[in-house]
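Enquirer: okay, here's the prediction I keep looking at, along with the sequence it came from:
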Amino acid sequence: MTTAFGRPILGVVATAWLSGVFLCAAAESSPPASRASYRNPILFADYSDPDVIRDGANYYLIASTFHFVPGIPILQSTDLVHWTILGHVVDRLNMDPRYSMIGGNRYGKGVWAPSIRKHGGLFYVYFPTPTEGIFVTTAAKMTGPWSAPAAVMAQAGLEDPCPFWDDDGQAYLIHSRTGAGPLILHRMSADGRHVLDEGKVVVNDPEHLPVLEGPKLYKRDGYYYIFAPFGGVSVGAQVVLRARNIYGPYVQRVVLAQGSTSINGPHQGGYVETPDGQGWFVHFQSDGAHGRIVHLEPVRWQDDWPIMGDDPLDKAVGQPVPSGPIPEDPPVVPQQRPQTSDEFDRAALGPQWEWNHNPDDARWSLSARPGYLRLIPGQAEGLLFARNTLTECMQDNAFEFTVRLDLSKMKSGAHAGLAMFEKSASGLELVQTGSERRLDFFRLPDRTPGPAIAQSTLQLRVRVQGDEAAYSYSLDDGASFHPLGDPTQIHFSWWKGSRPSLFAFTTEATDPGVIDFDWAHYEPLGANPW
């Protein structure tokens, strides 16, 4: 007997995972006596609102990106623990000129919690923007190309959509409303591109399930299941609701909460099964300035209810696990992790990079000076109003991030440097005024003047430890670094964690010249804490 992907079934659990529907038989298999282990979090990075599926031997994870572009990162793994970044689903957000910082901005808007499924040979990704509606994009391969996002529901105030194709081919879409709750179910066209009705409220219990959002709809052994977080990002928990009819009535059970651990608000994620039927739940934890980091919980089924994580008192409410055996017990444990450093010596940026809004493509280049990222400063009144700020997620609790700049073509009015990008951004900023160039430390809106810079090349560094950043610079090409500014708190803002970033803008209407970034190097500092 084989799975839907043509792979032999292992053990006694026969499971085929397909487009959000999974069909199971028999009971659990016993794990091997000795297995390679993983430690949580599996991703110490701000991949908020994660959803996950399996396609053959590969697992794919996507996450919300809000105003950052390109949107919706795609991560790939063969064991649910070690991940690498394949690319992004959405190239640009073209729903409103403010996504290009024209006539305003969209900080905190943009792509909220997305979902991913495979159906009829296509991958489908659904995502909401709270001010424009719910959109869908499709691709034959996870590497794309992805179709231009099309509106499934052109209506503001909707969030967290998830599609579902039933055994009879009927398609559905479940979602919440901004502010969280209730959960609303629509019939959808078979191609998944249009809703066919006004929708029906299937769950609405603000007393017992406040702030209910992020629903994921599955089917197992004749039951329809809705996995959904409630109670809020930092303090909530995970509920599972089940019914024999897709429209309900649903009964509920809390299946994952903080318990005796320090993992606050464990919820919002996706359920997936391995080829041999092991169940796993990928979810986030809100971790201060680092944003919402990702954990992996084992799932076992008892009386047609999922039991997540540890259940030390043999209760239905599980709690997060610090560690456990790696799914599927791979013979060789992968060493891959999300990309971080970039030499800027290829035709494209590394897949870790995301701009703060839609970039102005006329003002950046990797080919104008091969081996460098060239930023041409656009006019802006300050960092948060500037386009073409290039960012990436922190991937560790502690790390150093260092960049090398060539300022030989920088002109008066230009500002450029390295920042931890957030609402209260801080960093090191080179400022050119006439022929004078100075290096300053800043934490918006305050500034500490630094040294005059006579040379054209230097290195800037930020060292992050927990929620604190310390900045330094080198004038001897990295042989020594000098601190500038006091250690500074970094913060969660606009629904995202703080991010190391490269920037360049000008406050004058004259030619600002160009800023060339030679490379960006990222170095983890020690193991991540549980």
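Expert: All right, it came through fine. Please read these numbers as outputs of a predicted model, since none were measured by experiment. Numbering: from 1, shown residues only.
Enquirer: shaky segments in the chain?
Expert: In the predicted model, the chain carries pLDDT under 70 at residues 1-34, 312-314.
Enquirer: what about stretch 344-363, start to end distance?
Expert: Chord length of stretch 344-363, first to last residue, is 16 Å (CA to CA, to the nearest Å).
Enquirer: quick one: distance of that stretch to the chain centre.
Expert: Centroid separation for stretch 344-363 versus its chain: 17 Å, with CA atoms, centre = their mean, to the nearest Å.
Enquirer: ditto for stretch 360-378
Expert: Relative to the centre of its chain, stretch 360-378 is centred 26 Å away, using CA atoms, centre = their mean.
Enquirer: contacts for it?
Expert: With contact meaning CB atoms under 8 Å, 6 or more residues apart in numbering, stretch 360-378 is reached by 100, 342-349, 386-388, 390, 406, 413-416, 502-506, 512-518. From N, CA and C alone the C-beta is placed, and that goes for glycine too.
Enquirer: list the buried residues in it.
Expert: Neighbour-count burial for stretch 360-378 flags R363, W364, S365, L366, Y372, L373, R374, L375, I376, P377, G378 (criterion: 16 or more other CB atoms under 10 Å).
Enquirer: ok, stretch 338-349 next?
Expert: For stretch 338-349, burial by neighbour count (16+ other CB under 10 Å) applies to P338, T340, D342, F344, L349.
Enquirer: verify the stated contact: the last one with D342.
Expert: Right, L349. Yes - the pair L349 and D342 qualifies as a contact (CB atoms under 8 Å) at a distance of 6.8 Å.
Enquirer: burial check on the nearest residue to N94 once chain neighbours are set aside, number of neighbours?
Expert: Distances taken as CB to CB, 6 or more residues apart in numbering put N358 closest to N94, at 7.7 Å, once the chain neighbours are dropped. Using other CB atoms under 10 Å, N358 is surrounded by 24 other residues.
Enquirer: contacts only, for N358.
Expert: N358 neighbours (CB under 8 Å, 6+ apart): V69, R92, L93, N94, Y99, S100, M101, R387.
Enquirer: kindly report the same for Q268.
Expert: S48, D49, P50, A113, E213, G214, P229, V233, Q238, H283, F284, R292.
Enquirer: show the buried residues in the residues you listed.
Expert: Among the contacts of Q268, those buried by neighbour count (16+ other CB under 10 Å) are S48, D49, P50, A113, E213, G214, P229, V233, Q238, H283, F284, R292.
Enquirer: any idea what the residue lying closest to the first one once chain neighbours are set aside is bridged to?
Expert: Yep, that's S48 we're talking about. Counting by CB to CB, 6+ apart, S48 lies nearest to R292, which is 3.9 Å off, once chain neighbours are set aside. Beta-bridge partners recorded for R292 (DSSP bridges): S286.
Enquirer: test my guess that R292 contacts D46.
Expert: Yes - between R292 and D46 a contact is recorded at 5.8 Å, counting by CB under 8 Å.
Enquirer: in CSV: the buried ones among the contacts of Q268, plus secondary structure and distance to P327.
Expert: Conversion of the buried ones among the contacts of Q268 to CSV gives the following (DSSP: H, G, I helix; E, B strand; the rest coil; distance: CB to CB, whole Å):
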residue, secondary structure, distance to P327
S48, coil, 22
D49, coil, 22
P50, coil, 16
A113, coil, 24
E213, coil, 27
G214, coil, 23
P229, strand, 22
V233, coil, 26
Q238, strand, 19
H283, strand, 15
F284, strand, 19
R292, strand, 22
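Enquirer: tell me which two of the residues you listed sit farthest apart.
Expert: Using CB to CB, the buried ones among the contacts of Q268 span at most 15.2 Å, a distance reached by S48 and Q238.
Enquirer: which one of the buried ones among the contacts of Q268 is nearest M142?
Expert: M142 lies nearest to P50 out of the buried ones among the contacts of Q268, by CB to CB, at 15.1 Å.
Enquirer: is it correct that the closest one is in contact with H267?
Expert: No - counting by CB under 8 Å, P50 stays clear of H267, with 11.2 Å between them.
Enquirer: what is in contact with those two at once?
Expert: H283, F284.
Enquirer: all helices for the stretch 151-300 of the chain, in order.
Expert: Ranges of helices in the stretch 151-300 of the chain, per DSSP state H, counting those that start in this stretch: none exist.
Enquirer: pull the most distant pair out of the buried residues of stretch 338-349.
Expert: Using CB to CB, the pair of these lying farthest apart is P338 and F344, separated by 18.0 Å.
Enquirer: where do the helices of the stretch 1-150 of the chain begin and end?
Expert: Going by DSSP H, counting those that start in this stretch, the stretch 1-150 of the chain shows no helices.
Enquirer: please enumerate the strands of it.
Expert: Here the stretch 1-150 of the chain has its strands, by DSSP state E, counting those that start in this stretch, at 14-18, 21-25, 37-39, 51-55, 58-62, 71-77, 84-90, 115-119, 122-129, 133-139, 150-153.
Enquirer: which neighbours does the fourth one have in its sheet, and in what orientation?
Expert: Next to strand 51-55 in the sheet, as set by DSSP bridges, lie strand 58-62 (antiparallel).
Enquirer: and the strand it pairs with, which residues are buried?
Expert: Of the residues in strand 58-62, those buried (16+ other CB under 10 Å) are Y59, Y60, L61, I62.
Enquirer: output the residues you listed as JSON lines; include the columns distance to G434.
Expert: What follows is these, written out as JSON lines (distance: CB to CB, whole Å):
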{"residue": "Y59", "distance to G434": "55"}
{"residue": "Y60", "distance to G434": "52"}
{"residue": "L61", "distance to G434": "50"}
{"residue": "I62", "distance to G434": "48"}
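Enquirer: wait, S501 sits on C393?
Expert: No - here S501 does not reach C393: they are 10.9 Å apart, not a contact under CB under 8 Å.
Enquirer: for F517, see how far away the residue lying closest to R346 once chain neighbours are set aside is.
Expert: Nearest non-adjacent residue to R346, counting by CB to CB, 6+ apart: L366, 7.3 Å away. The gap separating L366 from F517 is 10 Å, by CB to CB, to the nearest Å.
Enquirer: find the nearest non-adjacent residue to P451, please.
Expert: The shortest distance from P451 to any non-neighbouring residue, by CB to CB, 6+ apart, is to L439 (5.7 Å).
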